[in-house]
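Student: quick one, fold the following:
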Amino acid sequence: MRKLTNAACLYGLWLLLPFSFAYAQEASKLVWSDEFDYEGLPDTSRWNYDVGGHGFGNHEKQYYTAQDPDNAIVKGGYLIITARKENYQDNQYTSAKLTTQGKGDWQYGRVEVKAKLPSGRGTWPAIWMLPNVEPLQWPADGEIDIMEEVGYDPNNIHGTIHTEAYNHTKDTQRGKQILIKDAQQAFHVYAIEWTPEEIAWFIDDKKYHTFANEHTGKHTWPFDKPFYLILNIAVGGDWGGAQGIDDSIWPQSMEVDYVRVFQQEE
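Tutor: Numbers count the residues shown, from 1 in each chain. Sure thing, here's the model as predicted:
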C-alpha cells in the first residue's frame, strides 16, 4: 500500500501514481485527494455528512449520522465507514454517508477510489457522484455510479449512469457489471474517466464500460457541470434489500485507502 502526504501529492508525486495509459497520454495533475494519513473523524475541510433516516428515495433502513466515530472514522491509514444494527431516531440501523459537495466538485477528469467492500445480505455500498446544483432535479440533472454492489449478489460490481432518458425508474439505465471475485476481501481501485465525449469505468485500471455522449441534449447527457463524490453504505432499500436483510452480519464496513482526482492541465 502506497501512502503519500497531501503536500507531496499536490506538488508533483502524482507522476508516480498508477492511472490508465489512455488518460496518462494527456497532461494531467492531481487536483484533490485524501490519503487518510491522519487519525480521527474525517477531515471536515474535505468531507460533509449527509444526515437522515428517511430512506433517501430508495426505502433504505439506516439513519446516516454525523461525526459519529462508530459510523465513520479514519484509522490506520484508512477511512472506515461502518453500518451497524442499532435503534436510532426510529431506524433500526446506523451508517454514514460522506460527500465532498462544496469542498470537491469537478467537471471532467479521473476519479479513483481504492476500497474494500462489506459483505452480507442487506449491505449496499456505493461510490458515486451527483451534480452540485440547487435544487437537484433527479434524474434530469444526472448521476454517476462509479461502484455499487449489493450483498446478496456478492462481488458483482456495477457501473451505471442515470439521466432523464436513462434511469432505473424506466428500466433504461445505462450500465454494466463485472465480477471481481474478492471485492469483499481485498482492495481494488474503482475509477471513472470523464470527458465531454464519454464516461469510462475502470477497475484496477481495466476498462469494462463506456457511456458516450449522444449529443442529443440534457435528457441523455447532463454531464457538463461539476459533480461531487459520495461514499456510503446503505442498509436494505429497494435494491440492497430486495432479498431481505440478514440481521446476524452487523457491523459491516467499507474501508477506503485513498480518494484521488486528476484533471487535464489547461
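
Student: ok, now which ones touch A234?
Tutor: Residues near A234 by CB atoms under 8 Å, 6 or more residues apart in numbering: 56, 58, 60, 62, 83, 95, 123-126, 240. C-betas here are computed from N, CA, C, even on glycine.

Student: pLDDT-wise, which helix or strand of this structure ranks last?
Tutor: helix 6-10 (a mean of 39; mean pLDDT, DSSP states H and E).

Student: thinking again about what came up before, quick one, which of the contacts of A234 are buried?
Tutor: 60, 62, 83, 95, 123-126, 240 (16 or more other CB atoms under 10 Å).

Student: so which of these is the closest to L179?
Tutor: For these, the closest approach to L179 (CB to CB) belongs to P125, at 16.0 Å.

Student: wait, the closest one sits on K116?
Tutor: No - shown here, P125 and K116 do not form a contact pair, counting by CB atoms under 8 Å, at 9.7 Å.

Student: any residues in contact with both of these two?
Tutor: M254.

Student: shouldn't D141 be in contact with V133?
Tutor: Yes - applying CB under 8 Å as the test, D141 and V133 come out as touching, 5.6 Å apart.

Student: who's more crowded, the two?
Tutor: D141 (20 against 13; other CB atoms under 10 Å).

Student: which residue is the nearest non-sequential neighbour of that one?
Tutor: P131 (4.9 Å; CB to CB, 6 or more residues apart in numbering).

Student: quick one: the one you found from Y108, how far?
Tutor: Applying CB to CB, to the nearest Å, the value for P131 to Y108 is 13 Å.

Student: check Q67 too.
Tutor: Distance from Q67 to Y108, by CB to CB: 32 Å.

Student: and L229, that's in a strand?
Tutor: Yes - assessed by DSSP: H, G, I helix; E, B strand; the rest coil, L229 belongs to a strand.

Student: contact partners for it?
Tutor: 99-100, 104, 111, 113, 127-129, 259, 261.

Student: the helix or strand where Q263 lies: which residues count as buried?
Tutor: Per DSSP states H and E: Q263 is located in strand 252-264. Across strand 252-264, burial judged by 16+ other CB under 10 Å covers 252-263.

Student: same check on stretch 227-246?
Tutor: 227-237, 239-241, 245.

Student: re earlier: for the residue nearest to D141, name its beta-bridge partners.
Tutor: Counting by DSSP bridges, P131 forms beta bridges with F227.

Student: count the neighbours of it for me.
Tutor: 23.

Student: same question, Q137
Tutor: Q137: 11 neighbours (other CB under 10 Å).

Student: now do it, the pLDDT please.
Tutor: Listed pLDDT for Q137 reads 97.
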